[in-house]
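Chemist: predicted model and sequence follow; I will ask about them next.
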Amino acid sequence: MARRLEPSVQYRRLIKRTLVSSLRTVFSDQYPDPQLQNLYISVDHPLKREQFPSVIVSYEESVVKNAGVGHIEELQDDRFLTIQAKHFMFEGRIKFQCYALSPLDLDILSDSVVELLAFGRLDNLMNKFFDSVFSGVPDTAQISLHSDYLTPLGDSSMSTFWGSEDGLVYQGGYSISCSGGFYNVIKEGDVANYIEDIIVYGSQPYTNEEEKLLELVGNFTLDPFYVHGRASASALSESS
């Protein structure tokens with residue numbers, strides 16, 4: 001059975017990875033508020049005191065569907081091989097969960113997230129977030145953020161994760177809808193692993209295959225001859 005070139009399509013991972021890295025371009029050491037510089041931004045919830053304040057990105061999907069009935073497209077991969085690709089669409093919500101160690105710090109962080117999503121395109125620093133989202137996806141995927149409508153996640157508090165008896169963690173945040181698409185196009189892998197050696201035997205050997213090949217090409221004949229060497233071939237299906 002042929003080995004797959006890539007473990008699986010990157011759909012959920014691509015969304016989360018793109019959003020996390022894009023947020024980090026804004027809340028870097030260039031952010032104007034010192035307490036929000038180099039903010040902890042991840043898909044993993046903060047467990048240590050030094051990881052607060054923080055923003056946790058999550059994705060809640062609602063629709064994953066084919067782009068059309070019997071929809072199949074023909075695309076070229078990195079090796080200019082034409083393959084059949086199915087295009088799937090998705091819809092869901094991106095959640096920006098904010099965590100802080102005081103109600104005031106939570107308000108400051110929440111205001112910063114609102115400012116980014118609502119007005120970020122008007123500022124050179126914050127617009128890096130949107131530029132990074134739209135430029136950070138490969139040609140075989142699309143992500144669109146709908147940030148004109150923000151849905152509050154609600155505020156709450158809980159005990160700290162590091163066992164403090166008198167401390168609390170405060171959380172809030174917002175979510176926005178998103179949509180996009182992805183293909184089954186395989187972009188990575190080494191097709192040379194499928195076939196490493198190709199040996200073709202004709203009816204008789206020749207001591208100088210190169211001269212015989214030139215002779216055959218020049219005379220436009222189809223006489224068999226020996227070929228020995230290494231080559232790469234792609235196996236796009238088990239029948240190839």
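Modeler: That came through fine.

Chemist: any idea how many residues pack against C98?
Modeler: 25 (other Cβ atoms under 10 Å). Glycine gets a C-beta too; all of them are placed from N, C-alpha and C.

Chemist: who's C98 bridged to?
Modeler: Beta bridges link C98 to V55, G172, judged by DSSP bridges.

Chemist: who touches whichever strand or helix holds S110?
Modeler: Assigned by DSSP states H and E, S110 belongs to helix 103-119. Helix 103-119 has contacts (Cβ atoms under 8 Å, 6 or more residues apart in numbering) with 26-27, 33, 35-36, 52-53, 55, 96, 98-100, 126, 129, 147, 150, 155, 170-174, 176.

Chemist: in that helix, which residues are buried?
Modeler: 105-106, 108-110, 112-114, 116-117 (16 or more other Cβ atoms under 10 Å).

Chemist: CA atoms of that helix as CSV?
Modeler: Extracted as CSV, the C-alpha positions of helix 103-119 are listed here (Å, rounded to 0.1, in the frame of the first residue of the first chain):
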residue,chain,number,x,y,z
PRO,A,103,-11.1,42.8,37.1
LEU,A,104,-9.3,46.0,36.0
ASP,A,105,-6.6,44.0,34.2
LEU,A,106,-9.3,42.0,32.5
ASP,A,107,-11.1,45.2,31.4
ILE,A,108,-7.8,46.6,30.0
LEU,A,109,-7.1,43.4,28.1
SER,A,110,-10.7,43.1,26.8
ASP,A,111,-10.7,46.7,25.6
SER,A,112,-7.4,46.0,23.7
VAL,A,113,-9.0,43.0,22.0
VAL,A,114,-12.1,45.0,21.1
GLU,A,115,-9.9,47.8,19.7
LEU,A,116,-7.9,45.3,17.6
LEU,A,117,-11.0,43.6,16.1
ALA,A,118,-13.1,46.7,15.6
PHE,A,119,-10.6,49.4,14.6
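
Chemist: quick one: buried residues of the helix or strand following that helix?
Modeler: Downstream of helix 103-119, the first helix or strand assigned by DSSP H and E is helix 127-135. Neighbour-count burial for helix 127-135 flags 127-130, 132-133 (criterion: 16+ other Cβ under 10 Å).

Chemist: tilt between helix 127-135 and helix 103-119?
Modeler: Note on geometry: by axes from the mean of the first three to the mean of the last three Cα atoms, to 10 degrees, helix 127-135 and helix 103-119 are set 60 degrees apart in direction.

Chemist: so which residues make contact with helix 127-135?
Modeler: By Cβ under 8 Å, 6+ apart, the list of residues contacting helix 127-135 from outside reads 18-19, 21-23, 25-26, 116, 120-121, 143, 145.

Chemist: tell me which of the residues you listed fall in strands.
Modeler: Judged by DSSP state E, the contacts of helix 127-135 include 143, 145 as members of strands.
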